[in-house]
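Have a look at this prediction, sequence included:
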Amino acid sequence: MCVLITGANADIRYRLLTDAASSSGEFFQISPEDGTIILARSLDRETQSAHHVSVMAADRGNPSLSSTAHIWIQGDIFASASLPFFFM
């Protein structure tokens, strides 16, 4: 069964959640409209080999529903320095 979601419930917004224990949030930005994550500045795996960011997706319904995803970005010694490896 397929359910078509319309109206405010279909309008999803994304944001990065901040973590006081991690500086990874300063390296990434997210598009609130489509959830695309981009680098805000260069990564240096010799300084910090792994990063963790949390993303919240929330609809604009009433009541609003939301979910959180945790994303880890790991610098791989076998990969190009300019191509990080993403996994969830």
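Okay, I see it.

Can you list the residue ranges for strands in this structure?
Counting by DSSP state E, the segments of the chain that form strands are 12-17, 28-30, 37-39, 50-59, 66-74, 85-87.

Run through who's touching the first one.
What that stands for is strand 12-17. 25, 28-35, 37, 53-60, 68 (C-beta atoms under 8 Å, 6 or more residues apart in numbering). In this view, the C-beta of every residue, glycine as well, is placed from N, C-alpha and C.

please redo it, this time with the cut-off set to 10 Å
The list of residues contacting strand 12-17 from outside it, by C-beta atoms under 10 Å, 6 or more residues apart in numbering, reads 5, 24-25, 28-37, 53-61, 64-71.

One more: the second one?
Counting contacts by C-beta under 10 Å, 6+ apart, the residues outside strand 28-30 that touch it are 13-16, 36-41, 43, 51, 53, 55-57, 71, 73.

Go again with 7 Å.
Taking contacts as C-beta atoms under 7 Å, 6 or more residues apart in numbering, the residues outside strand 28-30 that touch it are 14, 15, 16, 36, 37, 38, 39, 40, 53, 55.

top of these by neighbour count?
residue 53 (20 neighbours; other C-beta atoms under 10 Å).

and it, what does it touch?
16, 24, 25, 28, 71.

Return the set of residues that bridge with it.
For residue 53, the beta-bridge partners under DSSP bridges are residue 71.

Now the residue positioned nearest the centre of the chain: closest residue in space, sequence neighbours ignored.
The central residue of the chain, meaning the one whose C-alpha is nearest the mean C-alpha position (C-alpha atoms, centre = their mean), is residue 55 at 4.4 Å. For residue 55, the nearest residue in space outside its immediate sequence neighbours is residue 69; the separation is 5.0 Å by C-beta to C-beta, 6 or more residues apart in numbering.

pLDDT score assigned to the residue nearest to the centre of the chain?
The predicted local confidence for residue 55 comes out at a pLDDT of 94.

Could you measure from it over to residue 13?
Residue 55 is 11 Å from residue 13, where distance means C-beta to C-beta, to the nearest Å.

Confidence-wise, which helix or strand of the chain is lowest on average?
For the chain, using mean pLDDT, DSSP states H and E, the weakest element among its helices and strands is strand 85-87, scoring a mean of 59.
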